[in-house]
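Student: Pasting a predicted model and its sequence here:
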Amino acid sequence: MQHPLRSLTAAIVAALVVSAPASAGALNAATRSAVAQRALGLAQGPMAASLRRADADAFVSNDATIDRNGTEHVRFARTYRGLPVIGGDFVVHSRNGQAVGVSQMLATTARPDIVPSVSRDRAIVEAGAHFGTGFVGMPTARLVVYARRGSPTLAYEVTFSGKKADQTPTDMHYFVDARTAAVLDQWDTVETAVQGPDGGASPICAGAVAKTGSGATFTSGTVALATVLCPSGNYQLVDTTRGNAFVTNMGTQTFGNGNMMVDADNVWGNGQKSNAQTAGADVAYGVGMTWDYYANVHSRNGIANDGVGAVSRVHYGRNYANAFWSDNCFCMTYGDGDGLSTNPLTVLDVSGHEMSHGVTSRTARLVYSGESGGLNEATSDIFGTMVEFYANNPNDRPDYLIGENVYAVNPTGLKALRYMFKPSLDGASPDCYSGSIGSKDVHYSSGVANHFFYLLAEGAVVPAGFGAGTSYNLTPASLVCNGNTGLVGIGRDAAQKIWYKALTTYMVSTTNYAGARAATLSAATDLYGVGSAQYNAVAAAWSAVSVN
């Protein structure tokens with residue numbers, strides 16, 4: 001699957017968003033401020049050296065959590081002489097006002113001179129040579145310090161927006177060296193399910209009354225849906241129990257936010273692709289299950305942890321076989337498939353996948369390029385799969401296959417976009433880590449993290465339908481990279497909590513695979529203790545995919 005728009009390079013976020021501790025209520029504004037100020041004092045004082053702080057660095061807090069034991073974790077963006085430092089973000093960990101540790105990838109205090117020798121216009125031209133024609137509006141450029149790899153470099157961040165040939169919105173960010181005009185890096189902030197939206201939101205009717213409707217979905221059977229009744233007598237697909245999340249119909253358009261889905265009898269769809277409401281019912285159900293999963297498993301109140309629901313847009317484009325998340329409109333968007341080999345992309349694990357892109361964008365902000373991009377993609381696969389297990393819908397039985405219901409012809413149900421237990425079954429994703437993995441498309445470099453998660457949760461166990469006597473003929477030995485066929489899983493509950501804790505507390509925008517191993521070990525320590533069975537299983541599962 002490809003993934004939706006996320007503004008990953010918007011590094012400075014002024015608002016402080018704080019997650020409540022698992023055993024306590026939400027933090028009030030005074031507590032948030034106190035947590036942020038304590039962490040800032042540590043960052044500017046005793047932790048400055050470990051944070052590679054230069055004299056002109058400044059820090060802005062943008063997220064915080066507090067553990068049950070009182071440990072505080074505060075995320076910071078970094079600027080240097082007022083310029084965003086791309087790759088300079090970090091997390092301060094402290095308890096009782098004392099430093100516990102820091103999570104970051106920046107390894108130097110070196111900073112560049114901030115006077116460019118290349119003009120802004122030339123930087124736009126150099127980036128434009130990579131983007132090509134077909135952009136919408138005027139490209140933008142701003143000076144930044146690029147510090148994702150190597151010595152920090154003064155660069156222009158140039159952004160081109162437009163649409164790809166397959167109708168997917170694109171919001172490409174290029175980093176152009178402000179001295180040599182070389183393109184240092186690039187990534188798209190539209191994150192898709194398989195390899196950005198615009199316009200304003202459709203209005204929810206005034207005087208709406210919450211109701212419960214029925215949805216005949218395409219893949220999940222008949223389900224209950226939260227709706228509202230408008231004074232006009234019509235119902236809208238609005239969920240007041242989940243932050244007023246709502247569904248719109250794009251009507252094959254690729255711009256704007258479409259029209260609010262409206263119905264006269266509160267019975268949505270008929271289970272067939274030919275009925276326009278069926279896709280709306282599927283998505284409303286999938287988004288609701290994902291919201292509930294995060295709330296009940298991870299104590300997270302919506303995508304941004306602020307109780308605000310997102311917009312879901314269905315029937316995007318013509319024969320569009322993809323789905324994506326966009327931070328720009330805080331929305332998820334779904335195509336109807338190509339009309340031949342693919343179904344609508346509104347299936348449950350895709351909804352969980354796309355909504356999880358939003359969670360990543362509001363926590364670790366994993367850059368959608370290189371190893372961090374693979375981890376971003378894997379996070380959506382992992383949580384999309386866990387949503388499927390959470391829903392436990394008999395019409396869409398949970399498994400470790402990604403997007404199996406997207407295929408129009410799949411009689412055995414075993415064909416999928418990705419296979420978490422053996423990523424190479426898709427023909428492109430590696431099972432085991434290598435130093436070149438960062439050069440792959442993020443939908444393939446994600447395979448190693450997917451593989452790790454499966455082994456952590458289930459162990460070296462071949463899933464039904466893939467073992468001896470099948471065309472796949474997998475064995476425990478074929479599921480591990482180091483011969484550890486005795487690897488035992490710790491179960492989905494512990495595995496998903498470790499990954500969520502690592503994402504929200506220890507990963508940063510440029511976390512790579514080595515950093516992900518460290519982050520999950522730290523998360524396992526927090527949750528279960530260093531040297532616990534869960535901690536040891538995390539280490540063993542990473543080694544089983546060659547991340548040592």
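Tutor: It's in.
Student: tell me the domain ranges of the protein?
Tutor: Taking automatic domain parsing as the domain assignment, the ranges for the chain are 17-104, 112-189, 209-361, 370-543.
Student: Pipe those into TSV and attach mean neighbour count, mean pLDDT and distance to P203 per row.
Tutor: Every C-beta, even on glycine, is put in place using the N, C-alpha and C of the backbone. Converted to TSV, these look like this (neighbours: other Cβ atoms under 10 Å; pLDDT from 0 to 100; distance: least, Cβ to Cβ, whole Å):
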stretch	mean neighbour count	mean pLDDT	distance to P203
domain 17-104	18	87	26
domain 112-189	18	94	23
domain 209-361	22	96	7
domain 370-543	21	97	29
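Student: Which residues are in contact with D292?
Tutor: R242, Y390 (Cβ atoms under 8 Å, 6 or more residues apart in numbering).
Student: Can you tell me the element R53 falls in?
Tutor: R53 is part of no helix or strand when elements are defined by DSSP states H and E.
Student: Where do the strands of the stretch 201-350 of the chain begin and end?
Tutor: 209-216, 222-229, 235-236, 238-239, 245-249, 259-260, 262-263, 267-268, 311-314, 323-326, 331-334 (DSSP state E, counting those that start in this stretch).
Student: out of those strands, nearest to R492?
Tutor: Relative to R492, the nearest member of the strands of the stretch 201-350 of the chain by Cβ to Cβ is strand 222-229, separated by 22.5 Å.
Student: any idea of the angle that closest one forms with strand 245-249?
Tutor: Angle, strand 222-229 to strand 245-249, by axes from the mean of the first three to the mean of the last three Cα atoms, to 10 degrees: 90 degrees.
Student: now E72, which residues is it bridged with?
Tutor: Beta-bridge partners recorded for E72 (DSSP bridges): I66, S94.
Student: Can you give me the separation between it and A391?
Tutor: 33 Å (Cβ to Cβ, to the nearest Å).
Student: can you pull the contacts of A502?
Tutor: By Cβ under 8 Å, 6+ apart, the contact list for A502 reads A516, A519, T520, S522, A523.
Student: which stretches of the stretch 351-500 of the chain form strands?
Tutor: In the stretch 351-500 of the chain, the strands defined using DSSP E, counting those that start in this stretch lie at 401-402, 418-419.
Student: want to throw these into TSV with distance to S434?
Tutor: Shown next, in TSV, are the strands of the stretch 351-500 of the chain (distance: least, Cβ to Cβ, whole Å):
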stretch	distance to S434
strand 401-402	22
strand 418-419	18
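Student: of all these, which lies closest to V387?
Tutor: strand 401-402 (11.7 Å).
Student: so what does that closest one touch, helix or strand wise?
Tutor: Applying 3 or more Cβ pairs under 8 Å, 6 or more residues apart in numbering; DSSP states H and E, we find strand 401-402 packed against helix 370-391, strand 418-419.
Student: Kindly reformat these as JSON lines and extend each row with distance to T192.
Tutor: Formatted as JSON lines, the helices and strands packed on strand 401-402 follow (distance: least, Cβ to Cβ, whole Å):
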{"stretch": "helix 370-391", "distance to T192": "9"}
{"stretch": "strand 418-419", "distance to T192": "13"}
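Student: Mind listing residues that contact the helix or strand hosting S103?
Tutor: Taking DSSP H and E as the definition, S103 sits inside strand 98-104. For strand 98-104, contacts defined as Cβ under 8 Å, 6+ apart pick out 42, 46-47, 50-52, 71, 88-94, 505-508, 519, 522.
Student: quick one: the residue nearest the centre of the chain from V508, how far?
Tutor: Nearest residue to the geometric centre of the chain (Cα atoms, centre = their mean): H357, 2.3 Å. Noted for H357: a distance of 17 Å to V508, by Cβ to Cβ.
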